[in-house]
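S.K.: Structure of the sequence below:
(chains A, B, C, D, E and F)
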Protein chains: 4
Amino acid sequence: MIAKTTFNRLPEEKKERIMQAALMEFAEKGYRAASINCMVEKAGIAKGSVFQYFGDKEGLFAAVFAHSLEKVKEELRKVRDNPARTDIFTRLAQIMHTGLAFTRTYPLIYRLYTQLLSTPDIPCRDFLLTRIRDEGKVFLKELLEKAAARGEIRDSLPIQEALFLLEALLDRFLLASVLPYLGNGFFDGQNLESSIPHFIDILEKGMGSSR
Amino acid sequence: MIAKTTFNRLPEEKKERIMQAALMEFAEKGYRAASINCMVEKAGIAKGSVFQYFGDKEGLFAAVFAHSLEKVKEELRKVRDNPARTDIFTRLAQIMHTGLAFTRTYPLIYRLYTQLLSTPDIPCRDFLLTRIRDEGKVFLKELLEKAAARGEIRDSLPIQEALFLLEALLDRFLLASVLPYLGNGFFDGQNLESSIPHFIDILEKGMGSSR
Amino acid sequence: MIAKTTFNRLPEEKKERIMQAALMEFAEKGYRAASINCMVEKAGIAKGSVFQYFGDKEGLFAAVFAHSLEKVKEELRKVRDNPARTDIFTRLAQIMHTGLAFTRTYPLIYRLYTQLLSTPDIPCRDFLLTRIRDEGKVFLKELLEKAAARGEIRDSLPIQEALFLLEALLDRFLLASVLPYLGNGFFDGQNLESSIPHFIDILEKGMGSSR
Amino acid sequence: MIAKTTFNRLPEEKKERIMQAALMEFAEKGYRAASINCMVEKAGIAKGSVFQYFGDKEGLFAAVFAHSLEKVKEELRKVRDNPARTDIFTRLAQIMHTGLAFTRTYPLIYRLYTQLLSTPDIPCRDFLLTRIRDEGKVFLKELLEKAAARGEIRDSLPIQEALFLLEALLDRFLLASVLPYLGNGFFDGQNLESSIPHFIDILEKGMGSSR
DNA sequence: AATGAATGAGGATTCATTCAT
DNA sequence: AATGAATGAATCCTCATTCAT
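M.R.: Now for the predicted structure:
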């Protein structure tokens, strides 16, 4: 955290190269197994530089995480600032499309997130997960509440569980785009997009107001 | 994989002790970070024995995985062999309850599974994940197909997507019981059970046949 | 401290070789500058073994220290169990001779002690120094007290300061045998022995009972 | 040693700041463990500057040492230029008081000296120690010789050994003011001053001319 | 003259694995 | 079959030193 300035003063190209190499390491191998040796080789920099820039491995991870979160935020903003005059189910479809585009563009970032979820010994994990949640999940909640206010969802809908289900579906949907195992062999790559309307169909019947 | 026999000839108590210690290591620290040093200390056996029994770390992991999968299968059998004369939604509720009981009883096994999901450099990951899928997911599919045959679900339901959604929900539901972060603060420990009917409510409306 | 057994089970010759190599490193370079790399090369063992035996560098240091202290204790016992029926000044001369013989035999042990004295960041320094003091200095105190009881020293002698002076002289005397700088160029190696009676002369006049 | 001029042209305040920071590092951690990184941070200068000023770590140490020696010399001069018309034992008491005041004012300088004494791998150690000796010890010798000429000390006194004893006592006395361990628990901080007369008492009886 | 980014050798330490007993 | 001592590669990290700006 101290010498963060050193890194920030670097030319943009080099910064990106380093972030990319580090992201690859962490996303592919997980925090512990990620090797700074491999990382610096990929990035083409000296090993010592990493520690000058980020202090230690933990600092590097935090930087990579922050860098990735920034990308996520940009993406979220796109969805949020969309021509919002549509009903919630149309928006959910939009979100799924946008999310899919995101994981296709930045598959490693999504992998980093799943690493974080399942690896208990990552430093600051609690803090980092909290930041993600604050960033991403509040959004869905607002979406649901506004839809409720507009009468787009049925009165009897249990909000918390609906929220949980939406998150689960979205998360798994994105995960499937990164890890083909989860698609059950049914969803192979390109087909994920075409399944979106079907998901929306189920959600609409399950959550929408009748009529 | 080589001298598996040697391990199998061990007294049951010792086998269980070793498996338990190894499961703890792998589930808590992940594959790479797991230390055979720590493991043998917990198990109270000689380090050399591990390599005599399982060949190498990878073999040990495979054995732990197989051992855990066996427990999962037992559990699945319980659900499958249940008094099956109920509709699919009642059964889904049963499954959620049973799953929750399972992760409460064997939280480490579920963690092992999530580790496997998110850590790409575990050897044989593909093979192991395939085995899980074959074990667990075929079951849900059959459930859906039978329900369709009985007319419990609407004709227009897109089966693949419904299956995917069910898996996503179940998985996330169990994960939340192990990792409190995912509950969004809404679900705190005991509350997970009470939310099951609400999930079923959504699913029934989304997937069930009208009337 | 844990795997101390491993080291103790080693053949005596190997144990001694390792202790000697470690003592050389620590005594010559100080705790921080001592390199385990150099040490294992001198001892002809694998680097990993050091950590198996002693846990970490600190544990190694503690072991070397304990080993050395054992040698010191043996030496002290020799002096203590001497034909004790002589006056204190004769005994002081004996002690100086014995001490000199000790530093000549184990110069590194004495250097280790001085390293400990002057290096503030050695782990457990307080504890180790206390152990030395308990071992060595109580002895001088008893000597003085018995001499007082026998009337060998004057009533007006300030005991604490006399003790301090004796320690200072003994310590410096031994130090000079190890570090020639302190001898002021006057005492070159062999001459230290011949100066003992002269020191005793001063001490006797300063501390002895008149006549 | 190369561009010493560059450093000397610096504003006095900056020079002092740098010397102080370096002295702290060396005195507290010893030569090897002292980190130029820490040092420059404390001093608030660029790391490169150290090497521009002093060539390398060794040169920096030599400069710090010289700077400290200068302070010692000033102090010595005070004692030397004292109203000298007193006998040697009064002067020794003065010296002890002055020395104590010095180590209280500049404890780091004394620590630097003890580091130098006990750490054999400091470069130029021989040279530096010789300079100290030349500075400090000649003085005591003169004192003794003049006292002998004035008949303040007995004819039979072995001069070299007396000198050695005085040095040992003074050194240990000062050391005890910096490292409390050596006081044996008897001398706690403030008490050192009050013990001076008692030391002088012993010395006078041991070395003074009878009557 | 001053800066501070870059470097890589070397530090302690951990660990899976081998093998003689 | 079981042990646990031995090994050395790989880990993160620190540091003095260099050099372009």
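
S.K.: touching chain B at all, the lowest-mean-pLDDT helix or strand in chain A?
M.R.: Every helix and strand in chain A was compared by mean pLDDT, DSSP states H and E; the lowest is helix A:125-149, with a mean of 84. Yes - for helix A:125-149, a contact with chain B is found by C-beta under 8 Å from any C-beta of the partner chain, at A:D126, A:L129, A:T130, A:R133, A:K137. Every residue, glycine included, has its C-beta placed from N, CA and C.

S.K.: can you pull out the helices in chain A?
M.R.: For chain A, the helices defined by DSSP state H cover A:4-8, A:12-33, A:36-43, A:47-54, A:57-80, A:88-105, A:107-118, A:125-149, A:159-178, A:191-207.

S.K.: Output the below-cut-off pLDDT ranges for chain A.
M.R.: A:1-3, A:82-84, A:181-190, A:211 (pLDDT under 70).

S.K.: returning to what we had before: quick check: of the residues of helix A:125-149 next to chain B, which lies closest to DNA strand F?
M.R.: DNA strand F lies nearest to A:D126 out of these, by C-beta to the nearest atom of the strand, at 18.9 Å.

S.K.: give the contact list for A:A46.
M.R.: A:V40 (C-beta atoms under 8 Å, 6 or more residues apart in numbering or on different chains).

S.K.: Give me the distance between it and A:C38.
M.R.: 14 Å (C-beta to C-beta, to the nearest Å).

S.K.: before we move on, what about A:R150?
M.R.: 51 Å.

S.K.: neighbour count winner among those two?
M.R.: The neighbour count for A:R150 versus A:C38, taken as other C-beta atoms under 10 Å in any protein chain shown, is higher for A:C38 (15 against 11).

S.K.: ok, and the closest non-adjacent residue to the more buried one?
M.R.: Nearest non-adjacent residue to A:C38, counting by C-beta to C-beta, 6 or more residues apart in numbering or on different chains: A:E25, 5.9 Å away.

S.K.: now A:E135
M.R.: Distances taken as C-beta to C-beta, 6+ apart place A:K73 nearest to A:E135, at 6.2 Å, with adjacent residues excluded.

S.K.: what's the answer for A:I45, then?
M.R.: A:I18 (6.5 Å).

S.K.: what about that neighbour, neighbour count?
M.R.: Counted by other C-beta under 10 Å, the residues lying close to A:I18 total 26.

S.K.: give me every residue that touches it.
M.R.: So A:I18 contacts A:F7, A:L10, A:A43, A:I45, A:Y53 (C-beta under 8 Å, 6+ apart).

S.K.: Point me to the residue of chain A nearest DNA strand E.
M.R.: For chain A, C-beta to the nearest atom of the strand, closest residue to DNA strand E: A:G48, 1.9 Å.

S.K.: What distance do you get for the residue positioned nearest the centre of chain A to chain B?
M.R.: Residue closest to the average C-alpha location in chain A (C-alpha atoms, centre = their mean): A:Y110, at 4.9 Å. Using C-beta to the nearest C-beta, to the nearest Å, we find A:Y110 at a distance of 10 Å from chain B.

S.K.: and the gap between that residue and B:V40?
M.R.: Using C-beta to C-beta, A:Y110 is found at 36 Å from B:V40.

S.K.: re the thing from before, need the contact list for the residue nearest to the centre of chain A.
M.R.: A:F102, A:T103, A:L174, A:L175, A:S177, A:V178.

S.K.: Now render those residues as JSON lines, adding distance to chain D and neighbour count.
M.R.: Supplementary listing: these in JSON lines, determined by distance: C-beta to the nearest C-beta, whole Å; neighbours: other C-beta atoms under 10 Å in any protein chain shown:
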{"residue": "A:F102", "distance to chain D": "41", "neighbour count": "21"}
{"residue": "A:T103", "distance to chain D": "42", "neighbour count": "21"}
{"residue": "A:L174", "distance to chain D": "43", "neighbour count": "21"}
{"residue": "A:L175", "distance to chain D": "43", "neighbour count": "22"}
{"residue": "A:S177", "distance to chain D": "45", "neighbour count": "22"}
{"residue": "A:V178", "distance to chain D": "41", "neighbour count": "19"}
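
S.K.: Let me have the residues you listed in a markdown table, adding distance to D:Q160 as columns.
M.R.: Putting the contacts of A:Y110 into a markdown table (distance: C-beta to C-beta, whole Å) gives the following:
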| residue | distance to D:Q160 |
| --- | --- |
| A:F102 | 86 |
| A:T103 | 85 |
| A:L174 | 86 |
| A:L175 | 85 |
| A:S177 | 88 |
| A:V178 | 83 |
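
S.K.: now, which of those residues sits nearest D:A33?
M.R.: For those, the residue nearest D:A33 by C-beta to C-beta is A:V178; the value is 47.2 Å.

S.K.: Touching, the closest one and A:Y106? I think so.
M.R.: No - with contact defined as C-beta atoms under 8 Å, A:V178 and A:Y106 do not form a contacting pair (9.8 Å).

S.K.: where does chain A come near DNA strand E, residue by residue?
M.R.: A:3, A:5-6, A:9-10, A:14, A:45-49, A:51-53 (C-beta under 7 Å from any atom of the strand).

S.K.: which of those tops the neighbour count?
M.R.: Neighbour max across these (other C-beta under 10 Å) = A:Y53, 21 neighbours.

S.K.: Quick check: chain neighbours aside, which residue is closest to it?
M.R.: With C-beta to C-beta, 6+ apart as the criterion, A:Y53 has its nearest non-adjacent residue at 3.9 Å, and that residue is A:F7.

S.K.: any idea how far the one you found is from chain B?
M.R.: Relative to chain B, and taking C-beta to the nearest C-beta, A:F7 is found at 27 Å.

S.K.: quick one: contacts for the closest residue to chain B within chain A?
M.R.: Residue of chain A nearest chain B, by C-beta to the nearest C-beta: A:G206 (2.6 Å). Contacts for A:G206 (C-beta under 8 Å, 6+ apart) come out as B:I202, B:L203, B:E204, B:K205, B:G206, B:M207.

S.K.: okay but the fourth one is in contact with A:E204, surely?
M.R.: No - under the criterion of C-beta under 8 Å, B:K205 is not in contact with A:E204, lying 9.8 Å apart.

S.K.: A:I200 is in contact with A:A93, correct?
M.R.: Yes - here A:A93 lies in contact with A:I200, judged by C-beta under 8 Å, at a distance of 5.0 Å.

S.K.: Mind listing the shared neighbours of these two?
M.R.: Common neighbours of A:A93 and A:I200 (C-beta under 8 Å, 6+ apart) do not exist.

S.K.: before we move on, the earlier item: excluding chain neighbours, what is closest to the residue of chain A closest to chain B?
M.R.: Leaving out its chain neighbours, the residue that sits closest to A:G206 by C-beta to C-beta, 6+ apart is B:G206, at 2.6 Å.

S.K.: ok so, going back, what about the residue nearest to A:Y53, how many residues nearby?
M.R.: Neighbours of A:F7 using other C-beta under 10 Å come to 19.
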